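Asks: Take a look and give me a structure for this.
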Amino acid sequence: MVSGSRICMLALVFALCAPACASAQTPAADSSVGPALELSAAQKQTIYQSVSATQKNNPAPTGFRAAIGAQVPDAVELQPMPSTLATLIPETANYDVAMVEKQVMLVDPKSKRVVAVVVAQ
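Replies: Model prediction:
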């Protein structure tokens, strides 16, 4: 049989550990990152052609790979979405863009996370 003081001690330990345990089990997803940006093949082709013609291709910083959800390092220079593209494809208007390793990345400027990666077709 467990004494009353032991029950209180166990309850106290649980109360102190529960928040830490809960946060340790929570996925590392960033709630500020929205879903991936859905683009048609024609939209992707338009974006790639426009950006690749106006921006230089940059090498990827060490350890960085262009992938949806990836945090873009400060070494990658982001540019606002060109106004022509923002007009043609309005859903891209609020994103920044960069070309790394011949891949065009659309990036959320607030979180600096990749929302789309477009490659040559």
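Asks: quick one: low-confidence parts of the chain?
Replies: Scanning the chain for pLDDT under 70 picks out 1-35.
Asks: residue boundaries of the strands in it?
Replies: Counting by DSSP state E, the chain has strands at residues 79-80, 96-100, 103-108, 113-119.
Asks: Save those strands as JSON lines, and put in mean neighbour count and distance to R65 too.
Replies: For the C-beta atoms, the positions are set from N, CA and C on the backbone; glycine is no exception. Listed next are the strands of the chain as JSON lines, based on neighbours: other Cβ atoms under 10 Å; distance: least, Cβ to Cβ, whole Å:
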{"stretch": "strand 79-80", "mean neighbour count": "12", "distance to R65": "20"}
{"stretch": "strand 96-100", "mean neighbour count": "21", "distance to R65": "9"}
{"stretch": "strand 103-108", "mean neighbour count": "22", "distance to R65": "9"}
{"stretch": "strand 113-119", "mean neighbour count": "20", "distance to R65": "10"}
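Asks: could you dump those to a markdown table with distance to Q43?
Replies: As requested, the strands of the chain are arranged in a markdown table below (distance: least, Cβ to Cβ, whole Å):
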| stretch | distance to Q43 |
| --- | --- |
| strand 79-80 | 18 |
| strand 96-100 | 13 |
| strand 103-108 | 11 |
| strand 113-119 | 9 |
